[in-house]
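> Task: produce atomic coordinates for the following.
(2 chains)
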Amino acid sequence: MKDLECDIIKNDKVAHDTYLLTLKCSEDIDGWMPGQFVMIKVASAIHPFLRRPFAILGYSDGLLDVLYKVIGQGTYTLSNMHSGDKLWVFGPLGKGFCLPEANEEIFYVAGGTGLPPIFSLAHHLEKGHILIGAKTMDGLALVETICNIPNIKASFTTEDGSFGSKGLVTDVLEKSVNTSPSIIYACGPYDMLKKTYMIAKRYGTRCQVSLEEHMACGFGVCRGCVVETIAGNMQVCKDGPIFDAADIIWR
Amino acid sequence: MDTTIKLTQGLELKNPVMNASGTFAYGEEFSKLFDLSIMGGIITKGLSLLPKKGNPPPRIVETPCGLINSIGLENIGVEAFLNDKLPFLMQFKTPVIVNFFGSTEDEYVQCARRLSGKGIDALEMNVSCPNVKSGGIEFGTNPHTLYALVRKVRDATLKPLLIKLSPLVGDISKMAFSAQDAGADAITCTNTIPAMAIDEELWRPVLGNITGGLSGPAIKPIVLRMVWEISRKLDIPVVGSGGIASVADVIQFMLAGASAVEIGSFSLREPFCFPDIINGLTQYMGEHSIDTIRDVIGKLKMCGR
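Residues are numbered from 1 along each chain as shown, chains lettered A, B, ... in the order given. Reported below is the predicted structural model:
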């Protein structure tokens, strides 16, 4: 874990309220895994006070990619920054996804802002079926890039049917999984994750989820981001953000 | 240059910069970032006799220049701390100060007794957590209750005893005097300030616990005033804690009368602020020809500009 000074290379709008940020890091982020995240300080001024957690979308040759949606003050500040501006990146943080067994069929499920860690894993593994859902076509980012990942089958779903099939991404998952050995990786809204886990449970499929929670430190010192699991309270930032879905106590 | 501070008999700090309880866990995570031996002292997450689960999420919300938390004193309990965490902390060449609380007088006393063994250099008693119904704040808002409690804990331990006060009192001097009269060795001023945040779209409180405690630079001027107010009157030293985020803040608190400081919220944003501020302090001393940091304490000039 280091605190790296980074230069913004680009910060481009790629979908509705959604930006792709590319940073040139002063040092290497070594040994990162898909599913891990970084805490980004968006202002050298004291407000916004806290750093913001972002999943690593990709990292190579000193360039870090982050995909984010503008939802509050931190991401709004970030969206107004330009190439040449500086940011501070603390990471890599948390635990990454557990990799699949050789015989397992792989499903990825990403809903809304849950795309980054899922994209990162699909890109790393280069096999399996990725299911991506959004409310409308405007909310889908990186469609072409996803379709260009080698050996990945991609399916898109929108709730209003404006792109891909109409409905929920979990409807498509339900039709795709079967009882053969497989693993599902998911990130997205709580209800989507819960539904994904229910489907996984029904088919006896392994399921890993990437969770979100309000975070202050990102490295396990404040206990601000706990989630209830069968082993008691766990910290999303340090014990996760990737968890076995079966360990989570779903509300 | 001399940065040492003798806070009280048996509690010497190599510099006045410590962490605040609750933003440092039990030290393990920070030890991966820098050598904890540089710290003036390490203050643990608040401990209770038995483990405590804390409050429901969300537990954190950012506010202008700070944050509100409602962690709810989640902790592993005294026994697990002694077995699993203390041996790790003992390897560092700096005092280990254990923060603790109870929900009854008896729990406070039992905690203090259990935490009076080897490897613990001092105790910081929390009588001021705003996030739990029983667990502090009602002990810290009435001077008579506080006196009785501190007296009992004082009789239960020989360790240096710091009392961490609540800012939510009419006259904090009264509370500080109660603690001093009952035998406290130092005052920590202060805990977070009760606060809340509301989501205007959902018409709901943001925090799972509805209310929480405000910390960070937003509260610094309030706490600075309190430190100035009580340190002039007390015979025992004051440790300042509230929104400290720079060398300048440390100096300001010391000028106001603090003998040492605790940094909490800011270290969530800047995990490397401890080495940065500790190094910056000696730089400030050099630039201002200060031989010993003790010469700054309470040296606020009240006239002339």
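
> the helices in the chain, which residues?
The chain I'm using is chain A. For chain A, the helices defined by DSSP state H cover A:73-79, A:115-125, A:143-147, A:169-176, A:190-203.

> my question was about chain B
Taking DSSP H as the criterion, chain B contains helices spanning B:28-31, B:78-80, B:86-90, B:105-114, B:143-156, B:172-181, B:220-231, B:247-256, B:265-269, B:273-287.

> State the pLDDT value of B:Phe139.
For B:Phe139, the pLDDT comes out at 83.

> Which positions in the stretch 1-150 of chain A make contact with chain B?
Within the stretch 1-150 of chain A, the positions lying close to chain B (C-beta under 8 Å from any C-beta of the partner chain) are A:1, A:3, A:41, A:46-51, A:73-74, A:90. Yep, even glycine has a C-beta here, placed from its N, CA and C like the rest.

> out of those, which are inside strands?
Residues of the residues of the stretch 1-150 of chain A next to chain B located in strands (DSSP state E): A:3, A:41, A:90.

> Of these - the most surrounded one?
A:Phe90 (24 neighbours; other C-beta atoms under 10 Å in any protein chain shown).

> Next, the contact list for that residue, please.
By C-beta atoms under 8 Å, 6 or more residues apart in numbering or on different chains, the contact list for A:Phe90 reads A:1-4, A:38-41, A:51, A:218-219, B:271.

> Which positions in the stretch 151-251 of chain A make contact with chain B?
A:213-217, A:219-227, A:232-233, A:238.

> swap the cut-off to 7 Å and go again
A:213-217, A:219-224, A:226, A:233 (C-beta under 7 Å from any C-beta of the partner chain).

> re earlier: where is pLDDT lowest across the contacts of A:Phe90?
Lowest in pLDDT among the contacts of A:Phe90 is A:Met1, which has 81.

> Quick check: it vs A:Val89, distance?
The spacing between A:Met1 and A:Val89, counted by C-beta to C-beta, to the nearest Å, is 11 Å.

> Likewise for A:His47?
19 Å.

> Can you tell me which residue of chain A sits closest to chain B?
With C-beta to the nearest C-beta, the shortest gap between chain A and chain B falls at A:Gly224, namely 3.7 Å.

> Touching, that residue and A:Gly218? I think so.
No. Contact between A:Gly224 and A:Gly218 fails when scored by C-beta atoms under 7 Å: they sit 9.5 Å apart.

> Show me chain A divided up by domain.
As recorded under automatic domain parsing, the domains making up chain A are A:2-93, A:105-210.

> Now render those domains as TSV, adding distance to B:Trp203.
As requested, the domains of chain A are exported to TSV (distance: least, C-beta to C-beta, whole Å):
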stretch	distance to B:Trp203
domain A:2-93	18
domain A:105-210	20
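
> out of those, nearest to B:Gly286?
domain A:2-93 (24.8 Å; C-beta to C-beta).

> gap between the two ends of the closest one?
10 Å (C-alpha to C-alpha, to the nearest Å).

> Next: stretch A:162-177.
24 Å.

> what is the rounded mean pLDDT of that stretch?
94.

> in it, what's buried?
In terms of neighbour count (16 or more other C-beta atoms under 10 Å in any protein chain shown), stretch A:162-177 has its buried residues at A:163-165, A:168-173, A:176-177.

> swap in stretch A:60-70?
Neighbour counts over stretch A:60-70 (16+ other C-beta under 10 Å) mark A:64-70 as buried.

> Mind jotting down where the strands sit in the stretch 51-200 of chain B?
Using DSSP state E, counting those that start in this stretch, the strands of the stretch 51-200 of chain B run over residues B:60-63, B:66-69, B:96-100, B:122-126, B:161-164, B:186-189, B:193-196, B:198-199.
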